[in-house]
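Asker: Provided below are the primary sequence and the corresponding predicted coordinates.
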Amino acid sequence: MPRKPKKQAADGKTIQYATLKVRLYPNETQVELFENTFGCCRYIWNHMLADQQRFYLETDKHFIPTPAKYKKEAPFLKEVDNQALIQEHNKLSQAFRVFFKDPGHFGYPNFKKKKTDRDSFTACNHEFESGPTIYTTQDGIRMTKAGIVRAKFSRRPQAWWKLRRVTVEKTKSGKFYCYILYEYEVKTPEPIVPVPETTLGLKYSMGHFYVADSGDMADPPHWLKQSQDKLTKIQKRLNRMEPGSKNYQEAVQKYRELHEHIANQRRDFIHKESSRIANGWDAVCMRGDSMGEMSQRLKRGNALEAGFGMFRECLRYKLARQGKPLIIVDRYLPTTRTCSTCGLVLDGEVPYKKRLWQCPKCGAVHNREINAAKNIKAQGLAQYLQYFDCQELRESA
Ligand SMILES: [Zn+2]
């Protein structure tokens, strides 16, 4: 996880970031250079990590050597963009920083394998008197070492955005993409204090992606299900085929492309949904589900479920840039088994299969998920106002 460049904005202004995803069409020489860079980045990461471990065992101190140290024993490192190697050092330092801070959440940095880890490298832009090292042209991106790489832009940066860094990535199906990170200043938004009428309570839902306290549901688009069914079909076909045959190779490529297609569809869906909510509401309350458990679910194959963590993060920053809060409610609160009408807390959990239940005390009939979303919203608002009151008290004291 790369560190966000920290900078102080001018008075009354806030720094924001935007990323453009651009398809790259490198020529043969550039493909070779990119492949070499991916390899060098893995090499340097693994060597720095091994040295860190050795050093830690010997001296009990945390230290990561810089890439310069390895260039003598591995002269091929000099052939790629030095910026990419420096970034690996930054990424590894950051991986350790977050690990030391919260080991349960982030886990110990792993060695990188060609087979499983994504092929990518990152390079920062430097502004020299002679001009920047990385910039975009009409139909390309200029990078150090690679020169101008042909690119297709679906969106253009605003004139006042500053290019900070690029990440080049090769997907499993063999396509190249570039993620360009831009930085720009905006007027700091006035903080909005949420009121019940303009606050949305959201609950994660297995069947609907999310359910809101208003009864709204995202309902995962049917095309996602269709693509996923297709994926299962190809997988089954692959299992019956002779590995290594031409048909097999073709099916593998098809499988990878579909896989990427689904990831794109999911990302689009998540961005559209989070924008719609962030623009339409003043505050959103959600449960603080653990990201670790979310990624466990990814392994079990529910793609959309795994996207919920990303959805939450999208909501967070899209709300924040408008001065609106995302309020996270404790995941251990009994939001599903509390009656949102009278406040009665049931002894046991309402079974998953039971869509409707009736409160034994007040007789209200609840939809299991909508009721939970209502409780999340009520709890979130209470939490927020309490925090707000404390702040006002502190300021008036
Ligand atoms: Zn009740």
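Answerer: Ah, there it is. Residues are numbered from 1 along each chain as shown.
Asker: what's the burial count for the closest residue to H126 other than its chain neighbours?
Answerer: Nearest residue to H126, sequence neighbours excluded (Cβ to Cβ, 6 or more residues apart in numbering): T133, at 4.7 Å. (Glycine included, C-beta is placed from N, CA and C.) For T133, the neighbour count with other Cβ atoms under 10 Å is 17.
Asker: mind listing what the residue most central in space within the chain touches?
Answerer: The residue lying closest to the centre of the chain (Cα atoms, centre = their mean) is M310, at 5.0 Å. Taking Cβ atoms under 8 Å, 6 or more residues apart in numbering, we find M310 in contact with 267, 270.
Asker: would you agree it falls within a strand?
Answerer: No. Using DSSP: H, G, I helix; E, B strand; the rest coil, the assignment for M310 is helix, not a strand.
Asker: now it: how far from D117?
Answerer: Distance of M310 to D117, computed by Cβ to Cβ, to the nearest Å: 20 Å.
Asker: residue of the stretch 51-200 of the chain nearest the ion, please.
Answerer: The ion sits closest to P196 of the stretch 51-200 of the chain, with a gap of 18.9 Å, by Cβ to the ion.
Asker: I'd say that residue and A382 touch.
Answerer: No. When contacts are counted by Cβ atoms under 8 Å, P196 is not listed as touching A382 (10.6 Å).
Asker: the ion contacts on the stretch 201-350 of the chain?
Answerer: 339, 341-342, 344 (Cβ under 5 Å from the ion).
Asker: narrow those residues to just the buried residues.
Answerer: With neighbours counted by 16 or more other Cβ atoms under 10 Å, those contain buried members at C339.
Asker: per-domain residue ranges of this protein.
Answerer: Taking automatic domain parsing as the reference, the chain has its domains at 13-187, 196-219+278-396.
Asker: and these, which one averages the lowest pLDDT?
Answerer: If you rank the domains of the chain by mean pLDDT, domain 196-219+278-396 sits at the bottom with a mean of 84.
Asker: distance from the chain centre to it, please.
Answerer: Domain 196-219+278-396 has its C-alpha centroid displaced from the chain centroid by 20 Å (Cα atoms, centre = their mean, to the nearest Å).
Asker: that older thread, and the residues of the stretch 201-350 of the chain next to the ion, which of them are in helices?
Answerer: Per DSSP state H, helices hold no members of those.
Asker: tell me which two in the residues of the stretch 201-350 of the chain next to the ion are the farthest apart.
Answerer: T341 and L344 (8.5 Å; Cβ to Cβ).
Asker: who touches both of these two?
Answerer: Counting by Cβ under 8 Å, 6+ apart, the residues touching both T341 and L344 are 359, 362.
Asker: contacting residues around stretch 248-264?
Answerer: The contact list for stretch 248-264, computed with Cβ under 8 Å, 6+ apart, reads 171-173, 175, 224, 227-228, 230-231, 234-235, 237-238, 241-242, 303.
Asker: show me those residues that map onto helices.
Answerer: Judged by DSSP H, helices contain the following of the contacts of stretch 248-264: 224, 227-228, 230-231, 234-235, 237-238, 303.
Asker: list only buried entries from those.
Answerer: Among these, those that count as buried by neighbour count (16+ other Cβ under 10 Å) are 224, 227-228, 231, 234, 303.
Asker: which of those residues sit farthest apart?
Answerer: Taking Cβ to Cβ as the measure, those span a maximum distance of 16.0 Å, between L224 and I234.
Asker: wait, doesn't K21 sit right on K175?
Answerer: No. Taking Cβ under 8 Å as the contact criterion, K21 and K175 are not neighbours in contact, 11.4 Å apart.
Asker: cool, thanks, talk later.
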